[in-house]
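# All I have is the shape, not the residue letters:
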Ligand code: HEC
Ligand code: HEC
Ligand code: HEC
Ligand code: HEC
Ligand code: HEC
Ligand code: HEC
Ligand code: HEC
């Protein structure tokens, strides 16, 4: 089983012994050279598909487990592992494994297959270097071994999941104000048709509001909102989107509208319940009489 022998087959017994050695011995026993080049998914999963498969690096225990079921159910489930982790060069099984380095290495391969998306992404703010690495890699928003179609409600980029996906990094005022907005409240009730982060910001070509090419730049806002609000009122896009909803300042109109609709909802619900009760009582009376 040497690196480079394409036809090499893994024999299960030594493999089990090796896997056991990793569990017990902290990953020092299995060498980089022991994974076969051009291996099938099953061959990779012989080690990585074992629950709890992990190794120690610089005193830190890191999981190397890949859930076989989740992988098979994912959109890439029929692809060889090596489409994202090509063997040869450094990959795989470098001694100095770090999750971030692996994610960065994979990123090139995502882009290789998804050229159109990669082109858009390259224009956006997340492709830019930030603290020495891209601000957000493909896998930061999509995950790795359980990527699903965007129309699948379990996808990290399914509309109702987008806020928490962006929220892994954007936790500040933008998140708070979004959650308090009409859109944010509707999303938390499970409405996929309302605006989530990507409806206004885009998904791959995301830019800051100061960039004139940004979907949220002041000049482009009417068009951005008009994707859903076909006949907006005058001044619809005026004011700050991520305004704090309090009774004073830019959030005041939102605050009072919110109060109004909250009470409207309560009153409507109470009226509805009363109506049903009266009708039921009437029915019971008729049955009894
Ligand atoms: C669609 C691309 C893709 C495919 C296909 C893929 N991986 Fe990964 N893999 C990734 C990404 C992205 C990461 C980095 C994830 C992170 O940041 O933790 C990763 C990380 C890993 C790691 C490091 C530990 C971890 O989970 O982060 C292992 C081990 C691994 N993959 C094994 C496999 C095996 C085995 C297969 C085949 C069953 C496979 N991968 C198929 C994208 C992929
Ligand atoms: C004999 C057991 C074994 C087999 C088979 C195996 N691996 Fe690994 N893998 C390991 C160990 C152990 C590590 C931890 C790094 C080290 O000690 O070299 C690792 C680390 C990794 C990593 C994280 C480090 C990196 O290079 O990014 C990835 C990704 C990975 N393996 C993918 C694969 C793929 C893809 C296959 C199939 C082609 C595979 N492995 C087959 C044992 C194995
Ligand atoms: C900042 C988060 C983010 C990053 C980073 C990101 N994506 Fe996406 N991606 C999304 C969102 C959100 C959607 C869903 C868009 C929609 O519903 O129309 C999406 C959709 C997709 C789709 C489905 C087709 C499409 O165009 O809608 C593919 C393929 C995809 N992304 C690949 C990638 C690749 C490859 C990378 C890295 C180059 C990447 N994404 C980086 C958020 C991201
Ligand atoms: C070997 C080529 C290949 C690689 C590498 C690859 N993909 Fe894919 N990806 C595909 C194919 C093919 C599909 C299925 C397209 C379809 O069915 O519409 C797909 C589907 C997807 C989808 C779902 C698209 C949708 O319609 O919602 C997303 C998201 C995605 N890939 C993201 C990624 C990310 C992120 C990576 C890297 C971690 C990656 N892909 C690596 C080929 C690849
Ligand atoms: C209805 C449209 C809309 C939605 C939904 C939305 N945003 Fe924004 N976002 C904007 C606009 C417009 C701006 C420009 C500044 C402003 O008006 O507050 C902005 C600005 C931002 C900024 C830059 C802040 C700055 O001042 O530089 C970030 C970061 C951001 N939004 C993240 C998010 C995240 C994360 C979500 C989802 C939780 C989200 N946005 C949802 C429209 C939206
Ligand atoms: C892995 C972390 C990460 C994820 C996930 C992420 N971002 Fe970012 N984002 C950053 C970093 C880092 C920057 C650049 C520094 C900054 O301006 O905050 C940035 C910048 C931005 C900006 C520009 C801010 C400005 O003022 O220039 C917007 C808008 C934005 N992100 C929106 C989103 C949206 C929408 C999502 C989800 C679809 C998302 N981000 C997901 C890390 C992330
Ligand atoms: C993806 C579609 C979508 C986009 C894009 C969108 N909205 Fe909305 N918006 C909705 C839906 C659906 C509702 C009604 C239900 C709710 O509260 O989410 C709504 C409700 C609202 C409301 C409260 C009710 C009302 O009509 O007064 C305001 C204010 C609003 N949106 C402003 C905006 C602004 C400003 C933008 C652009 C920055 C925008 N929306 C972008 C879908 C969207």
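Sure thing, it's come through. These numbers come from a predicted model, not from an experiment. Ligands and ions are numbered 1, 2, ... in the order given.
# can you give me the helices in this structure?
Counting by DSSP state H, the chain has helices at residues 12-25, 41-48, 68-73, 99-113, 115-123, 138-142, 162-166, 173-180, 182-188, 197-201, 221-225, 252-288.
# Would the second one count as contacting ligand 2?
If I follow you right, that is helix 41-48. Yes: Helix 41-48 is in contact with ligand 2 by C-beta under 6 Å from any ligand atom, via 43, 44, 46, 47, 48. All C-beta spots, glycine's among them, are computed from the backbone N, C-alpha and C.
# Go ahead and build a PyMOL selection from the buried members of those.
In PyMOL, this line selects whichever of these come out buried by 16 or more other C-beta atoms under 10 Å:
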select buried, resi 43+44+46+47+48
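# Now pLDDT and distance to ligand 7 too, for the residues of helix 41-48 next to ligand 2, in a markdown table please.
Below are the residues of helix 41-48 next to ligand 2 laid out as a markdown table (pLDDT from 0 to 100; distance: C-beta to the nearest ligand atom, whole Å):
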| residue | pLDDT | distance to ligand 7 |
| --- | --- | --- |
| 43 | 88 | 44 |
| 44 | 90 | 40 |
| 46 | 91 | 45 |
| 47 | 90 | 44 |
| 48 | 94 | 39 |
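# ok, which residues in the stretch 151-289 of the chain are in contact with ligand 5?
163, 166, 170, 174-175, 178, 183, 195-197, 199-201, 208-209, 216, 221, 240-242.
# so who does the spatially most central residue of the chain touch?
Centroid-nearest residue in the chain: residue 156, 3.3 Å away (criterion: C-alpha atoms, centre = their mean). Taking C-beta atoms under 8 Å, 6 or more residues apart in numbering as the contact definition, residue 156 lies against 141, 142, 143, 165.
# Most neighbours of all those residues, which one?
residue 165 (21 neighbours; other C-beta atoms under 10 Å).
# ok, which of the residues of the stretch 151-289 of the chain next to ligand 5 also contact ligand 6?
166, 170, 197, 201, 208.
# just the buried members of the residues of the stretch 151-289 of the chain next to ligand 5?
Looks like these have 163, 166, 175, 178, 183, 195-197, 199-201, 209, 216, 221, 241-242 buried, using 16+ other C-beta under 10 Å.
# and which of these is nearest residue 59?
residue 166 (32.8 Å; C-beta to C-beta).
# got the contact list for the closest one?
Counting by C-beta under 8 Å, 6+ apart, the residues that residue 166 touches are 141, 175, 197, 198.
# I'd guessed the second one sits against residue 163; true?
Yes: under the contact definition of C-beta atoms under 8 Å, residue 175 touches residue 163, with a separation of 7.2 Å.
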